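Asks: Next come a sequence and a model predicted from it.
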Amino acid sequence: MDQSREEHLARLREENYVIEPGQKFEVDAFQPKDALGITRLYYAVYGETFPVDDVYSPETIVQNNQGNDLYQVVGRTSKGDIVGLYALFHSAPGDRIMEAGGWIVHPDYRGTSLALRLASKIHKNPPEHLGIDLIFGQCVCDHLTPQKLTKKFNAKFCALEMEPMPARPGEQAVYGRISLMDSVLPLKNCPDDLYLPDRFHAQLREIYAWLGLDRTYLDNEAREKALATSPETEISVFPLGESDVAKIEVESVGADFAEHLAEAERKCPGMHTYHLLLPLSHPGCSAAAEAAHKSGFFFGGVLPLWFDRDALLMQKVSGTPDFSKPQILTEEGKRIMEMVQADWQALQAEKEER
């Protein structure tokens, strides 16, 4: 019988297990024997506050690792304690892309090589059985360390999400909501044909130039021919209540796109942030981007292989985003920030003209 979150927490609370500092460790792929240690690691780092129940359940951790939807690597001591964790997992609808994240290191082991070795295990040698062509990543922008590690592993920045993360506990008044810099590490080139929206054609061409991906940009004549046989709009909405974010993913674009977008927002009212993912392989992407802009969405960047083909990220933020807060490491990242801010400002100017 499955135990509840509270039952698992009661066990960890009563056990009050202490991980000894200074142990020697190895970095290895997850084994079922590690599951209890992973729950202890989460409890040691987050206490009872982590918002996902599964991380406190050894049985669920073992179950989640049985397929190809999750691949975890651990820092394991000679005693069997788990002192570090990193993972690949599916966060996009595409089968050929997985996100790297869930990075945790026990406080007593943060001055060691563990964090770097965990990342190396994932980024330099992802297992072939996962069948992925690209690793997606996100860096918090309230400090630079994640971006430094991203650069070290030759991943490329591709988008900037303004304020999708809640403030860290106790830092609401100090810093507030946190922005994310998105990155990709292509494992294969995967050439493709794209319809770049007129509004963002120059920005996307510039980003693709440093991503180094083989893309062909189709002209307006090809777009008009393809639009003649376009299906109706298909949209999926995913509210992320703990983050106050709603993700709107568009599979196809029809003439009724604006109505579908408005309905998607009505399904998730009052969110701080809305993310819109438009398929750049669809000839209606340009018209959809214009309609979204009129509804308050502004540029975010590009997410290669998000749908197993590339997606345009647009975003809508409650209030005025604070562009002075994100810390950006690289020239490419700073250039994306300029693009995002410029389009937000253009959006405000258009609103005033209406």
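Replies: Here it is on my side, so go on.
Asks: pLDDT score for Gly94?
Replies: The model reports Gly94 with a pLDDT of 96.
Asks: quick thing: my sequence starts at 15, can you match it?
Replies: Done: numbering now begins at 15, and the last item shifts to Gly108.
Asks: and the gap between it and Pro211?
Replies: Applying Cβ to Cβ, to the nearest Å, the value for Gly108 to Pro211 is 20 Å. For the C-beta atoms, the positions are set from N, CA and C on the backbone; glycine is no exception.
Asks: Equivalent analysis for Pro183, please.
Replies: For Pro183, the distance to Pro211 (Cβ to Cβ) stands at 39 Å.
Asks: Looking at those two, which is more packed in?
Replies: The neighbour comparison of Pro183 against Pro211 (other Cβ atoms under 10 Å) goes to Pro211, with 23 against 8.
Asks: so what's that one up against?
Replies: For Pro211, the contacting residues are Leu218, Leu292, Cys299, Ser300, Ala302, Ala303, Glu304, Leu326, by Cβ atoms under 8 Å, 6 or more residues apart in numbering.
Asks: By neighbours, which of the residues you listed wins?
Replies: Leu326 (31 neighbours).
Asks: pLDDT weak spots in this structure?
Replies: Along the chain, the model assigns pLDDT under 70 to residues 15, 184-187, 240-244.
Asks: now do 80
Replies: For the chain, residues meeting the criterion pLDDT under 80 lie at 15-16, 65, 182-188, 234-245, 255-256, 368.
Asks: Helices along that one, start to end?
Replies: Applying DSSP state H to the chain gives helices spanning 19-29, 49-60, 72-78, 128-137, 159-166, 215-225, 234-241, 271-281, 299-308, 345-367.
Asks: Could you work out which of those reaches nearest to Met112?
Replies: Ranking the helices of the chain by proximity to Met112 (Cβ to Cβ) places helix 128-137 first, at 9.6 Å.
Asks: Tabulate the CA atom coordinates of that closest one in CSV.
Replies: What follows is helix 128-137, C-alpha atoms only, in CSV (Å, rounded to 0.1, in the frame of the first residue of the first chain):
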residue,chain,number,x,y,z
LEU,A,128,30.9,16.6,-6.7
ALA,A,129,28.7,19.2,-8.5
LEU,A,130,31.0,19.3,-11.5
ARG,A,131,31.3,15.5,-11.7
LEU,A,132,27.6,15.0,-11.6
ALA,A,133,27.1,17.5,-14.5
SER,A,134,29.9,15.8,-16.4
LYS,A,135,28.3,12.4,-16.1
ILE,A,136,25.1,13.8,-17.6
HIS,A,137,26.4,16.2,-20.3
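Asks: Can you point out the buried residues in it?
Replies: Of the residues in helix 128-137, Leu128, Ala129, Arg131, Leu132, Ala133, Ser134, Lys135, Ile136, His137 count as buried by neighbour count, 16 or more other Cβ atoms under 10 Å.
Asks: Could you verify my assumption that the second one touches Ile118?
Replies: What that stands for is Ala129. No. In this structure, Ala129 is not within contact of Ile118 by Cβ atoms under 8 Å, at 9.4 Å.
Asks: Spit out the residues that contact the two alike.
Replies: By Cβ under 8 Å, 6+ apart, Ala129 and Ile118 have these common neighbours: Gly98.
Asks: residues touching Asp228, list them.
Replies: So Asp228 contacts Asn203, Cys204, Pro205, Asp206 (Cβ under 8 Å, 6+ apart).
Asks: could you flag which of those residues are buried?
Replies: Buried among these (16+ other Cβ under 10 Å): Cys204, Asp206.
Asks: Just the ones in strands from the contacts of Asp228, please.
Replies: Using DSSP state E, the subset of the contacts of Asp228 located in strands is Asp206.
Asks: Could you dump the contacts of Asp228 into TSV and include distance to Gly51?
Replies: As requested, the contacts of Asp228 are exported to TSV (distance: Cβ to Cβ, whole Å):
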residue	distance to Gly51
Asn203	39
Cys204	37
Pro205	43
Asp206	42
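Asks: The nearest residue to Arg110 once chain neighbours are set aside: neighbour count?
Replies: Leaving out its chain neighbours, the residue that sits closest to Arg110 by Cβ to Cβ, 6 or more residues apart in numbering is Asp147, at 4.3 Å. Neighbour count for Asp147, taken as other Cβ under 10 Å: 17.
Asks: Asp147 against Pro200, yeah?
Replies: Yes. The pair Asp147 and Pro200 qualifies as a contact (Cβ under 8 Å) at a distance of 7.0 Å.
Asks: And the strands in the stretch 65-214 of the chain?
Replies: Taking DSSP state E, counting those that start in this stretch to define them, one finds strands in the stretch 65-214 of the chain at 84-91, 96-103, 111-119, 148-154, 170-179, 192-200, 206-208.
Asks: In JSON lines, list those along with distance to Glu62.
Replies: JSON lines is the format used below for those (distance: least, Cβ to Cβ, whole Å):
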{"stretch": "strand 84-91", "distance to Glu62": "22"}
{"stretch": "strand 96-103", "distance to Glu62": "18"}
{"stretch": "strand 111-119", "distance to Glu62": "15"}
{"stretch": "strand 148-154", "distance to Glu62": "22"}
{"stretch": "strand 170-179", "distance to Glu62": "20"}
{"stretch": "strand 192-200", "distance to Glu62": "22"}
{"stretch": "strand 206-208", "distance to Glu62": "45"}
